[in-house]
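Visitor: Show me the folded form of this:
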Amino acid sequence: MPDLTPFWISIRVAVISTIIVTILGVFISKWLYRRKGSWVKVLESLLILPI
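Guide: Numbering: from 1, shown residues only. You can find the predicted model right below:
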């Protein structure tokens, strides 16, 4: 039977990072929605760039 420890570590890291990024994304999107100005569009572009 193969050692599955690396697999479970990878799953744990993926789940934790997904939760953190989702929470941060919600807060950043709410913050950007309330802001106005030309710099907001630049910041939105920088946040969308990795996609």
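Visitor: From the structure, what's the count of residues near Val42?
Guide: A total of 10 residues lie near Val42 under the criterion other Cβ atoms under 10 Å. In short, each C-beta sits where N, CA and C put it, glycine included.
Visitor: before we move on, what about Leu47?
Guide: Residues near Leu47, counting by other Cβ under 10 Å: 13.
Visitor: just Val13 next, same as before
Guide: When neighbours are counted by other Cβ under 10 Å, Val13 registers 10.
Visitor: Report all helices and strands that whatever helix or strand it lives in contacts.
Guide: Assigned by DSSP states H and E, Val13 falls within helix 5-34. On a contact count with 3 or more Cβ pairs under 8 Å, 6 or more residues apart in numbering; DSSP states H and E, helix 5-34 meets helix 38-48.
Visitor: so how far is Ser29 from Leu46?
Guide: Distance from Leu46 to Ser29, counting by Cβ to Cβ, to the nearest Å: 14 Å.
Visitor: So for the two, which residue has more residues nearby?
Guide: For Leu46 and Ser29, the more surrounded residue by other Cβ under 10 Å is Ser29, and the numbers stand at 12 against 9.
Visitor: coming back round to it: any idea of the angle the helix holding Val13 forms with helix 38-48?
Guide: Calculated by axes from the mean of the first three to the mean of the last three Cα atoms, to 10 degrees, helix 5-34 forms an angle of 160 degrees with helix 38-48.
Visitor: residues contacting Ile23?
Guide: By Cβ atoms under 8 Å, 6 or more residues apart in numbering, the contact set of Ile23 is empty.
Visitor: Report the separation between it and Ala14.
Guide: Taken as Cβ to Cβ, the span from Ile23 to Ala14 is 15 Å.
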